[in-house]
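> Model the following, please.
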Amino acid sequence: MVKREKVRIVETDLLEHPAFLAWRELQLGSAKPERIEIIKGKTPNQNHRLKRFVCRLVGVGTKGVSVIGKRCQRPKAEIENTIYEEILQNLSIPSLNYYGMVAEANGEFSWLFLEDAGDDTYSALLEEHRLLGAQWLALMHTSAPNIGQPAKLPDKGLKHYLKRLRKVRETLIHIIKRYMIQSDDLVHMEAIITKCDFLEAHWDKVEDLYQELPQTIVHGDFVSKNLRVHSNHDENTFLPFDWGEAGWGPPAIDIIHVEPFAYWSNVRGSWSWLSLQDILSSAEVGKIFRSIDAIYWELSGFGLTKEVLNNNLSNMRIYNSWLAMAIEVARLMD
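A predicted model of the protein is given here:
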């Protein structure tokens, strides 16, 4: 078992806390929380300037269970709401109980409420977890097309990642020019720009590795921090959450951290034209996409102050290394 990350406890005004006020609007119970644990972010203020906040409302659910409250921008919330209400509830796969979405009055942010996923974090280092993840993911990927593409889900295909690739390069060039970056970080930023140029010039090769996979629901951030494995006697249940990056497209980015042979074994009954090599090649492309996403997310959090830049730029060395390894593994290097 993995220990819970350190949380902060709300000491006062539990009944007036924004998370509990939003929870009450669902009219699923009015019990006072035993406590509110802040998992991520700071309590939203009246200016609504904080984009993301996650907390645990202890004891407010049925039979005193804990409920997770998550505040995020409306577009992300609507994607997650679509996944929980229109997809997972209509598939025969294990999923967390979802209680609903509450929009704030200003319309910019919404609250999502769902079952507390617990402590048992997924580990890609454990074969049992990789097998469970492969089985769950294969079932979702092959079942979701039978429902059809929900209108609210964004495209997560090649065009999406090419657009993010170009945005990464554009943002890095802007930062270098505007802030006159002179540190060692500049070397890694310029190296990432060069790799972006290389990938775009060889995008046809990315397409060749990617083209066999069908279109389906993709999680988009299928990594350990968003996955749990519940143990109940001799049975383990796999439970993903945090669907803000979900969309519709070939599922290459989802299959990076699961057992590839197990995934192929579970999808080939529905996708008989796919070979194991197709799955392995798609996972290689998924690593490129994951690296692009990581850099894109990092850059999207940049502020306009030099201090913020200095803190964030330190990760460019890591992302440059990730992207280099992903390109090499995908055999795109000349």
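
> Would you map the helices across this protein?
18-25, 74-82, 127-147, 158-179, 185-201, 203-210, 260-267, 276-300, 306-313, 316-329 (DSSP state H).

> Show me what the second one packs onto, helices and strands only.
By that I understand helix 74-82. Applying 3 or more C-beta pairs under 8 Å, 6 or more residues apart in numbering; DSSP states H and E, one finds that helix 74-82 contacts strand 98-103, strand 109-115. All C-beta spots, glycine's among them, are computed from the backbone N, C-alpha and C.

> do the first one as well
Here helix 18-25 is seen to pack against strand 53-58, strand 67-73, strand 98-103, strand 109-115 when contacts are counted using 3+ C-beta pairs under 8 Å, 6+ apart.

> With respect to residue 289, which of those lies nearest?
strand 67-73 (22.0 Å; C-beta to C-beta).

> chain center to that closest one: distance?
Taking C-alpha atoms, centre = their mean, to the nearest Å, one finds the center of strand 67-73 at 14 Å from the center of the full chain.

> so it versus helix 18-25, what angle?
110 degrees (axes from the mean of the first three to the mean of the last three C-alpha atoms, to 10 degrees).

> which parts of strand 67-73 are buried?
Neighbour counts over strand 67-73 (16 or more other C-beta atoms under 10 Å) mark 67, 68, 69, 70, 71, 72 as buried.

> I am assuming residue 242 contacts residue 221, so please confirm or correct that.
Yes - counting by C-beta atoms under 8 Å, residue 242 does reach residue 221; the two are 6.3 Å apart.

> Specify which residue of these two has the higher count of neighbours.
Shown here are residue 242 and residue 221; by other C-beta atoms under 10 Å, residue 242 has more neighbours (22 against 19).

> Excluding chain neighbours, what is closest to the residue positioned nearest the centre of the chain?
The centroid of the chain falls nearest to residue 221 when counting by C-alpha atoms, centre = their mean (2.8 Å). Spatially, and ignoring its direct neighbours in sequence, residue 221 is nearest to residue 245 (4.4 Å; C-beta to C-beta, 6 or more residues apart in numbering).

> Point out where this protein drops to low pLDDT.
Within the chain, the segments meeting pLDDT under 70 span 1-7, 11, 30, 44-51, 182, 301-312, 334.

> One more pass at 50, please.
Low-confidence segments of the chain (pLDDT under 50): 1-4, 46-48.

> Domain boundaries for it, per the record?
8-115, 127-329 (automatic domain parsing).

> Indicate which one of those domains is closest to residue 121.
Comparing the domains of the chain by C-beta to C-beta, domain 127-329 comes nearest, at 5.7 Å.

> Compute the first-to-last residue distance for that closest one.
Domain 127-329 has an end-to-end distance of 22 Å (criterion: C-alpha to C-alpha, to the nearest Å).

> tally of neighbours for residue 64?
With neighbours defined by other C-beta under 10 Å, the count for residue 64 comes to 11.

> Likewise for residue 80?
Other residues near residue 80 come to 22 when the count uses other C-beta under 10 Å.

> Pretty sure residue 245 is one of the things it touches, is it not?
No - between residue 80 and residue 245 there is no contact under C-beta under 8 Å: 9.6 Å.

> Chain neighbours aside, what residue packs nearest to residue 284?
Residue 284's closest residue in space is residue 330 (C-beta to C-beta, 6+ apart), at 4.2 Å.

> Now do the nearest residue to residue 195 once chain neighbours are set aside against residue 169, distance only.
Leaving aside its sequence neighbours, residue 195 sits nearest to residue 323 (C-beta to C-beta, 6+ apart; 5.1 Å). Per C-beta to C-beta, to the nearest Å, residue 323 is found 12 Å from residue 169.
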